[in-house]
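S.K.: quick one, what's the 3D model for this:
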Amino acid sequence: MDDIARRIVAEIKDLVLEGGEVVYTEYVRKKDRLGAKARKQVEKVEESVDTKKSVAAAYQGWYSRALPVVKQLAPDRYQEFEELYGKGTKEKVRDASTFTIKDYLLGLRVTRAGEEVFDATSVFFLGWSYSSIS
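M.R.: Sure thing, here's the model as predicted:
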């Protein structure tokens, strides 16, 4: 394997690890809202996660590093990756289908009569798992 290929593999491994830290940080913060099975998994890694770290800042850093990698290695998924984050999205958030990762990081929630229309945390985790392009 040549030097460029080694650097690409190393960068992808770093992105996967960093992405895992972002997700687990948010899981730890929201563990009281998780089911029993997920809560047990979170408690196993809770000590190794820095919950003081801003999830928004951590995700922004991860996204900035991941974007050129996706563009280079999965150009057919690049636009989709940007849209999951919310880049170029001008549509008003009305339901979970128009809610983006950026909306979550900004703290946006959709309510009607004082009740949340959908669980924003669940949508974040779903968008995150999809944006990881596994």
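S.K.: residue contacts, Thr121?
M.R.: Counting by CB atoms under 8 Å, 6 or more residues apart in numbering, Thr121 touches 26, 30, 33, 104. For the C-beta atoms, the positions are set from N, CA and C on the backbone; glycine is no exception.
S.K.: and with 7 Å instead?
M.R.: Neighbouring residues of Thr121 by CB atoms under 7 Å, 6 or more residues apart in numbering: 30, 33.
S.K.: help me confirm that it is found in a strand?
M.R.: No - if the criterion is DSSP: H, G, I helix; E, B strand; the rest coil, then Thr121 is helix and not within a strand.
S.K.: ok, so what distance separates it from Ala38?
M.R.: 11 Å (CB to CB, to the nearest Å).
S.K.: and what about Gly107, helix, strand or coil?
M.R.: Secondary structure assignment for Gly107 (three-state DSSP): coil.
S.K.: now stretch 103-122: buried residues?
M.R.: For stretch 103-122, a neighbour-count test (16 or more other CB atoms under 10 Å) marks 103-105, 110, 120-121 as buried.
S.K.: so which bits of stretch 73-90 are buried?
M.R.: Using 16+ other CB under 10 Å as the test for burial, stretch 73-90 gives 78, 81-82, 84-86, 89.
S.K.: nearest to Ala56 among the buried residues of stretch 103-122?
M.R.: Of all the buried residues of stretch 103-122, Leu105 has the smallest distance to Ala56: 4.1 Å, by CB to CB.
S.K.: can you show me the helices along this protein?
M.R.: In the chain, the helices defined using DSSP state H lie at 3-29, 36-45, 55-73, 78-85, 101-105, 120-131.
S.K.: looking at those helices, which is nearest to Val93?
M.R.: So among the helices of the chain, helix 101-105 is nearest, using CB to CB, at 5.6 Å.
S.K.: now that closest one: mean pLDDT?
M.R.: Helix 101-105 carries an average pLDDT of 87.
S.K.: where does pLDDT dip in this structure?
M.R.: In the predicted model, the chain carries pLDDT under 70 at residues 1, 34, 41-42, 44-52, 88-90, 127-134.
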